[in-house]
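Asker: below is the sequence, then the predicted model.
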Amino acid sequence: MHSTAKLDCVVVGYNDIDFTSRLGRLKASRLTSGGFDALHLQSLPYDGKRLPYMEVMNEALRIANRRDADLHIGKIPSLGSWYLCNYLVTNRYSSKVINFFDTQKEEFKQLLLTNPPLAVAITTTFYIDDAPIRNIADFVKTYSPKTKVIVGGPHVYNRFEEIQSNQVREHVLKNMGADIYIHESQGELTLSRILSHLKGEDEATTISCLAKNGKNETNSQATHTTEAPVSTHSLRTIPNIAFYENGKLFTTPRSVESNDMDVYSVDWDLVDPKQFVPTATTRTGRSCAFACAFCRYPVIAGPLNLKSIDVVIRQFDQFERHGVKQVIIIDDTFNVPLNRFKDLCKAIAARRYSFQWYSYLRPANLDEEALDLIAESGCGGCFMGIESGDPNILKGMNKAAKVDQYIKGVQGLNERNVTTFASLIVGFPGESTQTVDNTIAFIEEARPTYWRAGLYFHPKDAPISQESEAHGISGHGYSWSHKTMNWQTGMAEIHRMLRTIEKSVYLPGYNFDLWGLPYLIGMGVSKQQHLAFNRMAQKLLLSEMNGDLSTIAPDLGNLANIFVNTAPE
């Protein structure tokens, strides 16, 4: 997928800002927001600083004769980056991916110096602040001042939607340090049009794969034009962007994109297998079929859009040929629609792939046949957005699920040896000590392998905001209150859950949640070792919460013993 010729665009994936710095920035607002406390629970104390769980594991592995241990979830293929690169190459633009900025800085630097691209596109899927974006933008400008920095994705889209004042928006965007900003939930078509402008082309078209016998061929096949040309002689004529002109922010009109998921699915045969073996990522659908009251994603992403099963299986066949051992499916609702999910599981099971797959799953939308098919098709683990074990909170969230359905689904997965992870939210409007008690009772009965409770984050424009007066909601983000709880009480309830829940193991979210499991398995860590590590880490966290521990240094030897038989990277 890469070429040594002049590059049109380098797509940059994840940039992980130093944890200590991130925590330090949040500490200043510790008394007014729950952000600091929420992140603090994702780490353990070590000689005067905080280490996130993956770094704790690295320290333990180094002691266990793994001196080279440098594990990081950011090394998993950045699907958004590879998808964008594939899209650009399909549309005849040259492109390259820097998958994980932290570990590829020297490679990126040499590329900028020796073959400076027209543009660098920064993806923002995992960012909640501007610092990682600015860090990359400054890096690019240092080594290739003429390269245009383009930023798009969820973080930029959310910034546009949250900030209606042009003056404030101008200040906020400038802080990111880019040249051009894409205001579109997809944005790949807009990116290609910007590149056409930078190449001096007067118009841009999009192309897709020719159909053969009613099915799209792989992206390496011949292509044909599918979109009417768009004038690109000026940035002003390209929809969905903002840029600075004579010191002022200029914004072009919106034009919603709907990019074909079959046509632009990544052709992994064109990618160096070292980039996605042993752990690969993919998606089979875009957006979500539900409308939870705390979530804006379906509004941003539009109607649920699904790949055809043939295209999914073609990609899985590619993974199998190249030796992939774990596949992470990032669909928000992989098992919806249920009949399509069953058909896909049957197709996977029929091929008897050697890899296991991991995905988001809604346990309330399963029946016995689906549970059997999940096991037969090689599912290794499921990330379940349970959110609450209280029926009234679920109703208020518009989760379209019942607690007994959750219990049946989780227990059914456990019985089939599928690792289960229950993600919970504490503090949604209506939350109280009693509703948290019900969630604790649910976890103890359902017994998911892992659980985590996150403090409620209140977006100003989430659907529940329309009921702010009825619930007495004030504030936003991690700084909120309503009639039945405030963020301080919410954090106290999470601490209570940690002290109370016994039949499931706490799994932190910061660069370590369920997606870390297939990555770590690929790096030689077994499921049993992963579980044992998290059990011991939870005990250490509880000891710190009780004031009995100030550093985990004396306990690293015990953590290291878990990994004595771990294979080297």
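Answerer: Ah, there it is.
Asker: can we go C-alpha only for contacts and neighbour counts from here?
Answerer: Noted.
Asker: in stretch 263-276, which residues are buried?
Answerer: Using 16 or more other Cα atoms under 10 Å as the test for burial, stretch 263-276 gives Val263, Tyr264, Ser265, Val266, Asp267, Trp268, Asp269, Pro273, Gln275, Phe276.
Asker: separation between the second one and Phe341?
Answerer: By that I understand Tyr264. Per Cα to Cα, to the nearest Å, Tyr264 is found 21 Å from Phe341.
Asker: which residue packs closest to Ile473, ignoring adjacent ones?
Answerer: Spatial nearest neighbour of Ile473, excluding adjacent residues (Cα to Cα, 6 or more residues apart in numbering): His482 at 4.3 Å.
Asker: show me the beta-bridge partners of that neighbour.
Answerer: Beta-bridge partners of His482, counted by DSSP bridges, are Met485.
Asker: for it, give me its contacts.
Answerer: By Cα atoms under 8 Å, 6 or more residues apart in numbering, the contact set of His482 is Pro429, Gly430, His471, Gly472, Ile473, Ser474.
Asker: tell me how far the host helix or strand of Glu106 lies from the chain's centre.
Answerer: Following DSSP states H and E, one finds Glu106 within helix 105-114. Here helix 105-114 is found 26 Å from its chain centre; the criterion is Cα atoms, centre = their mean, to the nearest Å.
Asker: and the pLDDT for the residue nearest to Ile473?
Answerer: For His482, the pLDDT comes out at 97.
Asker: any chance of the contacts of His482 in JSON lines, with pLDDT and neighbour count too?
Answerer: JSON lines is the format used below for these (pLDDT from 0 to 100; neighbours: other Cα atoms under 10 Å):
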{"residue": "Pro429", "pLDDT": "97", "neighbour count": "26"}
{"residue": "Gly430", "pLDDT": "97", "neighbour count": "15"}
{"residue": "His471", "pLDDT": "96", "neighbour count": "16"}
{"residue": "Gly472", "pLDDT": "97", "neighbour count": "12"}
{"residue": "Ile473", "pLDDT": "96", "neighbour count": "20"}
{"residue": "Ser474", "pLDDT": "96", "neighbour count": "16"}
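Asker: in JSON lines: the residues you listed, plus distance to Val311.
Answerer: Output for the contacts of His482, formatted as JSON lines (distance: Cα to Cα, whole Å):
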{"residue": "Pro429", "distance to Val311": "41"}
{"residue": "Gly430", "distance to Val311": "43"}
{"residue": "His471", "distance to Val311": "45"}
{"residue": "Gly472", "distance to Val311": "48"}
{"residue": "Ile473", "distance to Val311": "45"}
{"residue": "Ser474", "distance to Val311": "46"}
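Asker: how about the strands in the stretch 1-150 of the chain?
Answerer: Under the criterion DSSP state E, counting those that start in this stretch, the stretch 1-150 of the chain carries strands at the ranges 9-14, 43-46, 49-52, 95-100, 119-122, 148-151.
Asker: an error on my part: the question was meant for the stretch 301-450 of the chain.
Answerer: Under DSSP E, counting those that start in this stretch, the stretch 301-450 of the chain gives strands at 305-306, 326-329, 356-360, 379-387, 419-426, 450-455.
Asker: any chance of those strands in CSV, with mean pLDDT, distance to Met545 and mean neighbour count too?
Answerer: Shown next, in CSV, are these (pLDDT from 0 to 100; distance: least, Cα to Cα, whole Å; neighbours: other Cα atoms under 10 Å):
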stretch, mean pLDDT, distance to Met545, mean neighbour count
strand 305-306, 89, 44, 18
strand 326-329, 98, 33, 24
strand 356-360, 97, 31, 22
strand 379-387, 97, 24, 23
strand 419-426, 98, 19, 23
strand 450-455, 98, 16, 23
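Asker: between those strands, which one is closest to Asn158.
Answerer: Relative to Asn158, the nearest member of the strands of the stretch 301-450 of the chain by Cα to Cα is strand 450-455, separated by 19.9 Å.
Asker: alpha carbons of the next helix or strand along the chain from the closest one, as CSV, please.
Answerer: Using DSSP H and E, the next helix or strand after strand 450-455 towards the C-terminus is helix 468-471. Extracted in CSV, the C-alpha atoms of helix 468-471 (Å, rounded to 0.1, in the frame of the first residue of the first chain):
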residue,chain,number,x,y,z
SER,A,468,-32.2,18.8,32.1
GLU,A,469,-34.9,20.8,33.9
ALA,A,470,-36.8,17.6,34.9
HIS,A,471,-33.7,16.0,36.3
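Asker: from the centroid of this structure, which residue is nearest?
Answerer: The structure's the chain has its C-alpha centroid closest to Phe126; by Cα atoms, centre = their mean the separation is 5.5 Å.
Asker: please read off the pLDDT at that residue from the model.
Answerer: 85.
Asker: for Met397, see how far away the closest residue in space to it that isn't next to it in sequence is.
Answerer: Leaving out its chain neighbours, the residue that sits closest to Phe126 by Cα to Cα, 6+ apart is Tyr14, at 7.5 Å. Relative to Met397, Tyr14 is positioned 31 Å away (Cα to Cα).
Asker: ok, now Ala532?
Answerer: With Cα to Cα as the criterion, Ala532 and Met397 are 34 Å apart.
Asker: just the helices in the stretch 101-250 of the chain please.
Answerer: 105-114, 131-143, 154-162, 166-176, 188-198 (DSSP state H, counting those that start in this stretch).
Asker: which one of the ones you listed lies nearest to Gly380?
Answerer: Comparing the helices of the stretch 101-250 of the chain under Cα to Cα, the one sitting nearest is helix 154-162, at 28.5 Å.
Asker: touching that closest one from outside, list them.
Answerer: 124-129, 169, 181-185, 460-461.
Asker: angle of it against helix 166-176?
Answerer: 160 degrees (axes from the mean of the first three to the mean of the last three Cα atoms, to 10 degrees).
Asker: tilt between helix 154-162 and helix 131-143?
Answerer: 110 degrees.
Asker: and the longest helix along the chain, what's buried?
Answerer: Ranked by residue count and defined by DSSP state H, the top helix of the chain is helix 527-545. By 16+ other Cα under 10 Å, the buried positions in helix 527-545 come out as 529-538, 540-542, 544.
Asker: packing partners of it?
Answerer: Using 3 or more Cα pairs under 8 Å, 6 or more residues apart in numbering; DSSP states H and E, the elements in contact with helix 527-545 are strand 505-506, helix 516-522.
Asker: following that helix in sequence, what is the next regular element?
Answerer: helix 556-561.
Asker: other SSEs contacting that next one?
Answerer: With 3+ Cα pairs under 8 Å, 6+ apart as the test, helix 556-561 has helix 53-63 packed against it.
Asker: circling back to that earlier point, CSV for the strands of the stretch 301-450 of the chain, including distance to Leu520?
Answerer: Converted to CSV, the strands of the stretch 301-450 of the chain look like this (distance: least, Cα to Cα, whole Å):
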stretch, distance to Leu520
strand 305-306, 29
strand 326-329, 10
strand 356-360, 13
strand 379-387, 13
strand 419-426, 14
strand 450-455, 16
